[in-house]
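> attaching a predicted model along with its sequence, questions to come.
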Amino acid sequence: MATIHPFKGWLPHKDKVDEVACVPYDVISTEEAAEMAVNKPDSFLHVIRPEIDLPDGTPFHHDTVYAKGAENLNKLLSSGFFEQDKKHAIYIYQLETAGHTQTGVFTCASVQDYDNDVILKHELTRPDKEDDRTRHILTQQAHAEPVMLTFKDTADITFHIEKLTLTNEPLIEHEGEGGVIHRIWKTFNTADFVEGFASINKLYVADGHHRCKSASRVAEQLRRERNTFAGEEEFEYFPVVLFPMDQMRILPYNRIIKKVDSSIFNKLKNQFKLTETGDKSPSKKGVVSVYYSGMWYSMKLPEPATDNVVDSLDVARLQNGVLEPLFGIENPRTDENISFVGGIRGTAELEKLVNNQKADLAFSMYPTSIQELIDVSDKGELMPPKSTWFEPKIKSGIIVHTF
């Protein structure tokens, strides 16, 4: 049984949303954040990427970074164009882009559900990234950004979403990067949604594993410090947007190899029978497109190493059958010779990186499916890093949860 927790969200006034809303912290670098925040003093980037307001060279994990984030959040929330709801609410969040719409429930999930595997994960988290988000949450006394979860929809939940969205104008409508439209509705009649999700057995992390784990760590620490019980305080809950599985869209997470000796490429070409192609993206599972020296090739992936669900993924077949034995990349999380490019950047980004000698070779992947994510999660297995890129992304700064 899934527990959702309505909360008193902080929302910017309708006419201020364009100035505040920003992309999530983990899809841009510090340099990109600084560029995007130019002439935008009220952008939420100053909260989630506070290093942009400090002198160049300030260590990423310095105390001043976390203090600055808390200062910037407090400044925004007290600025007069943010307002906190007086009662606990449920919010509906809709993302619309060309040819695709997804509508989910913006609420809080329970740390206990995460700890007890009601909320299932599919990726390994890194301690350094956990530490970073945990410190931000503790210093800011807020969960500044939501996690994207998915679930198997029911007619009951769909009915309540449509009842709200089809009969009311959105409270907020914002056009973000790439022409994505973000819409927010709100209701204080929360019981129907709470009861609806009580019939859901499992929720699945789509995007935001480190935020989930950090929320769990924060609750554990504050529970101990304040001598409270699990589920008792507001910090026991963290903001999520719950989207139905059949509405989720996953793009590929492509790979680039920075240094490739010509003899290794020739071995790859001969061993896997690469053929020249005009297809920059593979058309089916089990095939990748390879870009090297200005030419695209099609390559069939080796068969799965085992019968495990995770080993059947294209990213695992590439890692186990190609990257490790041929390129010597044993741990893609730490090996500096590999990097990852989200599918939203397209194959043109792969060509650009190779043509500009930022990499020698690129792999254009077929996207992991939502069913593969569910199957891996249900089995308690973990995907290789950077297996999924969900698009469109939830904006940060539109709804904030404080405790």
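Received the coordinates, thanks. Numbers count the residues shown, from 1 in each chain.

> in the protein, which strand is the longest?
Secondary structure of the chain per DSSP state E: the longest strand is strand 100-110.

> and it, which residues are buried?
Buried residues in strand 100-110, counted by 16 or more other CB atoms under 10 Å: Gln102, Thr103, Gly104, Val105, Phe106, Thr107, Cys108, Ala109, Ser110. C-beta coordinates here come from the backbone N, C-alpha and C atoms, glycine included.

> count of residues packed around His174?
A count of nearby residues for His174, using other CB atoms under 10 Å, gives 19.

> output the contacting helices and strands for the helix or strand hosting it.
For His174, the element it lies in under DSSP states H and E is strand 172-175. For strand 172-175, the packing partners by 3 or more CB pairs under 8 Å, 6 or more residues apart in numbering; DSSP states H and E come out as helix 17-20, strand 181-187.

> go again with 6 Å.
strand 181-187 (3 or more CB pairs under 6 Å, 6 or more residues apart in numbering; DSSP states H and E).

> got the contact list for the strand it packs on?
Residues external to strand 181-187 that are found in contact with it (CB atoms under 6 Å, 6 or more residues apart in numbering): 89-94, 96, 164-165, 168, 170-176, 395.

> what about the strands in the stretch 251-400 of the chain?
Assigned by DSSP state E, counting those that start in this stretch, the stretch 251-400 of the chain shows strands spanning 253-257, 275-276, 287-292, 295-300, 338-342, 361-364, 389-390.

> before we move on, what about the stretch 1-150 of the chain?
Here the stretch 1-150 of the chain has its strands, by DSSP E, counting those that start in this stretch, at 4-5, 10-12, 82-84, 90-97, 100-110, 119-120, 142-143, 147-151.

> end-to-end on stretch 228-235?
Separation of the first and last residues of stretch 228-235 by CA to CA, to the nearest Å is 11 Å.

> and the residue nearest to Thr97 when sequence neighbours are not counted, how far from Val23?
Once flanking residues are discounted, Thr97 sits nearest to Val180: 4.7 Å by CB to CB, 6 or more residues apart in numbering. For Val180, the distance to Val23 (CB to CB, to the nearest Å) stands at 10 Å.

> likewise Ala70?
The gap separating Ala70 from Val23 is 21 Å, by CB to CB.

> one more: Pro239?
Using CB to CB, we find Pro239 at a distance of 17 Å from Val23.

> how many residues are close by the spatially closest residue to Asp15 that is not a sequence neighbour?
The shortest distance from Asp15 to any non-neighbouring residue, by CB to CB, 6+ apart, is to Phe81 (7.9 Å). Residues lying near Phe81 (other CB under 10 Å) number 16.

> next one: Phe81, what pLDDT does it get?
pLDDT, Phe81: 91.

> repeat for His401
So His401 comes in at 98 (pLDDT).

> if we can go back for a sec, more crowded one of Pro239 and Val23?
Taking other CB under 10 Å, Pro239 and Val23 do not tie; Pro239 has more neighbours (25 against 21).

> now the more buried one, what's its secondary structure?
Assigned by DSSP: H, G, I helix; E, B strand; the rest coil, the conformation of Pro239 is strand.

> let me see the contact set for it.
Cys108, His143, Pro146, His401.

> please apply the same query to Ser312.
Contacts of Ser312 (CB under 6 Å, 6+ apart): Pro304.
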